[in-house]
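1. Can you look at this prediction? I've put the sequence above it.
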Amino acid sequence: MKLYNMNLSNFATKSRIAIYDKGLNIEIVPIPGNNLKSPEFLKINPLGKTPALEADGAIIAESEIINEYLEDRFPTPPLLPASPEGRARVRSFTRFHDLYLEPPLRALFGQLNPKNRDEKLVNERLTEFNQRLDQLEAMLAPSGFAAGSEFTLADCALAPTMFFATNMLPGFGAKPALEGRPKLGAWWKQVQTRPSVKKALAEMSEALAAMTKR
């Protein structure tokens, strides 16, 4: 099995965390040509997005589908609870992340340079993102990991995006993501103690440092 990956991608990192946490023997390789739109990679994944998992001749795209596949194929150690209600709770976080939390933050990626920043767009997306953080604060378990006492796919999804949030928001003069959100702050501290998360976020940090040196 092979994961086509970019270390700075929060979605690829989501899948690397699951791979690391399960201790899976999956080869993690760079995108051919280091370009999501390279002809070589588009032959592998016509969507031109990372990650993509090659498994027994099949190509599985989209990080959450990849993580659910890994859970189905390698259920031990589990990253989903046993009960249908517990699984639904975890999936409510992963769905919230992909559809509501991550998009307004992603819209800010192209606004990092103050010289050509669209202030109206920045203010709108910051307002939306802060609303999503408030919603996340309300959703989080009172202690432990996102959905409860056990580490799950919810944490795999949220941790890489919170890495961007905690690193990016100060550059826009925005209030820190954790300020006034005690459950989010406690979760962020807790999730970074997980070896799989620590390893993956270190890879993100290294990739971010390399990019900013260019």
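-> Received the coordinates, thanks.

2. In contact with the residue of the chain positioned farthest from its centre, which residues?
-> Relative to the centre of the chain, the most outlying C-alpha is that of residue 115, 28.2 Å out, by Cα atoms, centre = their mean. If you count contacts by Cβ atoms under 8 Å, 6 or more residues apart in numbering, residue 115 has none. The way it works is simple: take the backbone N, C-alpha and C, and place the C-beta from them, glycine included.

3. Return the residues in contact with residue 60.
-> Taking Cβ under 8 Å, 6+ apart as the test, what residue 60 contacts is 52-54, 66, 69.

4. again with residue 82
-> Counted by Cβ under 8 Å, 6+ apart, residue 82 has zero contacts.

5. And it, which helix or strand is it part of?
-> Counting by DSSP states H and E, no helix or strand carries residue 82.

6. Check it and give its pLDDT.
-> Per-residue pLDDT puts residue 82 at 97.

7. Show me how the record splits this structure into domains.
-> The record's domain parsing of the chain by automatic domain parsing lists 2-73, 84-212.

8. how long is the first one from one end to the other?
-> From its first residue to its last, domain 2-73 covers 15 Å (Cα to Cα, to the nearest Å).

9. Report the distance from that domain to the chain centre.
-> 13 Å (Cα atoms, centre = their mean, to the nearest Å).

10. What of stretch 148-162?
-> The chain centroid and the centroid of stretch 148-162 are separated by 9 Å under Cα atoms, centre = their mean.

11. Dump it to CSV, restricted to CA.
-> These are the backbone C-alpha positions of stretch 148-162, laid out as CSV (Å, rounded to 0.1, in the frame of the first residue of the first chain):
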residue,chain,number,x,y,z
GLY,A,148,-14.5,11.6,24.5
SER,A,149,-11.8,9.7,26.4
GLU,A,150,-10.5,7.8,23.4
PHE,A,151,-8.4,9.1,20.5
THR,A,152,-10.4,8.8,17.3
LEU,A,153,-10.7,9.9,13.6
ALA,A,154,-12.2,13.1,15.0
ASP,A,155,-8.8,14.0,16.4
CYS,A,156,-7.0,12.9,13.2
ALA,A,157,-9.1,15.4,11.3
LEU,A,158,-9.0,18.4,13.7
ALA,A,159,-5.3,18.4,14.7
PRO,A,160,-3.7,19.4,11.4
THR,A,161,-6.2,22.2,10.8
MET,A,162,-5.7,23.5,14.3
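
12. buried stuff in it?
-> For stretch 148-162, burial by neighbour count (16 or more other Cβ atoms under 10 Å) applies to 148, 150-162.

13. if we look at stretch 61-75, which residues are touching it?
-> With contacts defined as Cβ under 8 Å, 6+ apart, stretch 61-75 is touched by 3, 11-12, 14-15, 18-19, 22, 24, 45, 47, 49, 51-53, 55, 60, 78-80, 94, 98, 153, 156-157.

14. Of these, which belong to helices?
-> 11-12, 14-15, 18-19, 22, 94, 153, 156-157 (DSSP state H).
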